[in-house]
Every structure is written in C-alpha cells, then in structure tokens.
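Novice: Need a 3D model of the following:
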Amino acid sequence: MAKFAKWIAGGLGWAFFGPIGGLLGFAIGTMIDGAQITNNQTTSVTTKGDFVVSLLVLVAAVMKADGKILKSELDYVKDYFVKSFGKQTAVEALRMLRELIGKNIPVEDVSNQIKTNLDYSSRLQLLHFLFGIANADGKLHPSELNLIDRIAVTMGINSKDYESIKAMFAGDTRGAYKIMEIDPSASDDEVKKAYRKMALKYHPDKVSYLGEEVQAAANEKFKKLNEAYDVIKKERGMA
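Specialist: Numbers count the residues shown, from 1 in each chain. Predicted structure coming up:
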C-alpha cells in the first residue's frame, strides 16, 4: 500500500520543503510505518512528484471549501490517477488525499510556494484540474469558486487565463470566446490570431517535462480550446 508514498517521498524536489513539505510529511508518515523520509533533490528543479503533491494539497483544500466531500469529486480524482498511474496508485493517492483533507491547509502559503517554484504552464494545468474538481457534480459552487479564485491570484494566474479556463466548464458560445480570450466583436482574423496564440499557451508539450501522465492530462485543456474554436467558426461560418 505504500509504493505511491515511497515514490513521492523519494522523488520530491522543492515541494519537500515549506508548507507543502510540512503537510506531506504528515500524510506520508501515516502511510509508511516507521520509515525514514529523506530527500536528496535540489530545490530548483521541479519533479513529477512536486506537481502531483501540489495537486493533491490544492485538491484537498477545494474539496473542503463547501463543507462536504462528494463522491463525484473523489471519483474525479481517482479517474485521473487511474488513467495516469494505474489503479493501485490511484487507491494510494486517494488515501493520501484523505489524510490531507483532515489537515488545516494554509492555502495562501501553499499557493505562494507553487508560484515561486512551478512554471506558468504547469500552474495553468493545476488550475484546470481544480475547476474539474469543483465541477465534478455538474455545478460550480460559490465557496469553491471563491477559493479557486484566491488560489489563482496567489499563484500569479492572470485574469484572462483564469476566465479562459473557467469558461471551459460553461459550455456555451459566450464561454467559447472567453476560452479564446477575445470579445465576441473580434474580427475573423482576430479569432484566428487568438487561436494560434492560445494553442501555443495551452499545448500539452508545455508540461512535457512533468512526464507523459501530466502531458496526457493537459490534452483535455487543449481539446477544450479546439472545441471553443470550432464553436466560434461554426457560428460565424468561418472556413
């Protein structure tokens, strides 16, 4: 049961330290009885483990925001880890998540640590996943949105990118323009230019250094961008 925790403990870089490290030390310790957790990573290099534990800590905070933990939210997380790492790892990741849910999470401190150490494209990927969690039951609850907004601001996500990712869960034409970060009055040429710009920003290769699993998850965000572009083109009759 402790393979995931050992992988995390042995593969952390900067997340081993600071507020995230403090939370993870507790969670990992409950999963590896009597283990001595050591770390030889440099704090300047982001590892896959850093991204995963940052994700788990922020997910725990968002799931607690409305005062209840929904099965749909747990299923959403489990599905991500099953697709990315396999069924056994998903079970262990959920166990660690439950340990984190029981802790007091200093959201601003955690988000600041992520902002300092994680590149912008990877922070956008974290934000996309948090919206997925909040929308797991088909509704974006105000308490969860408020917390995600605080996390985004503290992580240094600009307002247009925030609205773009949020709109990926709206599913209407107006949302499509928000995803593209343009106004409905934009010309067809401006729409095409905006798509090229956003395609570079959201391309899965931007997070390739975090491994194939995270890159595959980033495909969902890229897919939403392409769907938004198709909606706008169809509405306008663009070729």
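Novice: And the helix or strand encompassing residue 99, what's buried?
Specialist: Per DSSP states H and E: residue 99 is located in helix 87-101. Across helix 87-101, burial judged by 16 or more other Cβ atoms under 10 Å covers 89-90, 92-97, 99-101. Where you see a C-beta, it was placed from the backbone N, CA and C, and this is true even at glycine.
Novice: buried ones in the next helix or strand after that helix?
Specialist: With elements assigned by DSSP H and E, the helix or strand that comes after helix 87-101 is helix 107-117. Within helix 107-117, the residues that count as buried by 16+ other Cβ under 10 Å are 107, 110-115, 117.
Novice: Can I get the buried residues of helix 87-101 in JSON lines including distance to residue 163?
Specialist: Compiled in JSON lines, these are given as follows (distance: Cβ to Cβ, whole Å):
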{"residue": "89", "distance to residue 163": "33"}
{"residue": "90", "distance to residue 163": "31"}
{"residue": "92", "distance to residue 163": "35"}
{"residue": "93", "distance to residue 163": "30"}
{"residue": "94", "distance to residue 163": "31"}
{"residue": "95", "distance to residue 163": "35"}
{"residue": "96", "distance to residue 163": "32"}
{"residue": "97", "distance to residue 163": "28"}
{"residue": "99", "distance to residue 163": "33"}
{"residue": "100", "distance to residue 163": "28"}
{"residue": "101", "distance to residue 163": "28"}
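Novice: will you turn those into JSON lines that also has pLDDT and distance to residue 151?
Specialist: Below are the buried residues of helix 87-101 laid out as JSON lines (pLDDT from 0 to 100; distance: Cβ to Cβ, whole Å):
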{"residue": "89", "pLDDT": "78", "distance to residue 151": "25"}
{"residue": "90", "pLDDT": "83", "distance to residue 151": "23"}
{"residue": "92", "pLDDT": "81", "distance to residue 151": "25"}
{"residue": "93", "pLDDT": "83", "distance to residue 151": "20"}
{"residue": "94", "pLDDT": "87", "distance to residue 151": "21"}
{"residue": "95", "pLDDT": "85", "distance to residue 151": "23"}
{"residue": "96", "pLDDT": "85", "distance to residue 151": "19"}
{"residue": "97", "pLDDT": "89", "distance to residue 151": "17"}
{"residue": "99", "pLDDT": "86", "distance to residue 151": "20"}
{"residue": "100", "pLDDT": "90", "distance to residue 151": "15"}
{"residue": "101", "pLDDT": "92", "distance to residue 151": "16"}
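Novice: Now for those: which two are most distant?
Specialist: Using Cβ to Cβ, the two most remote members of the buried residues of helix 87-101 are 89 and 101, lying 18.4 Å apart.
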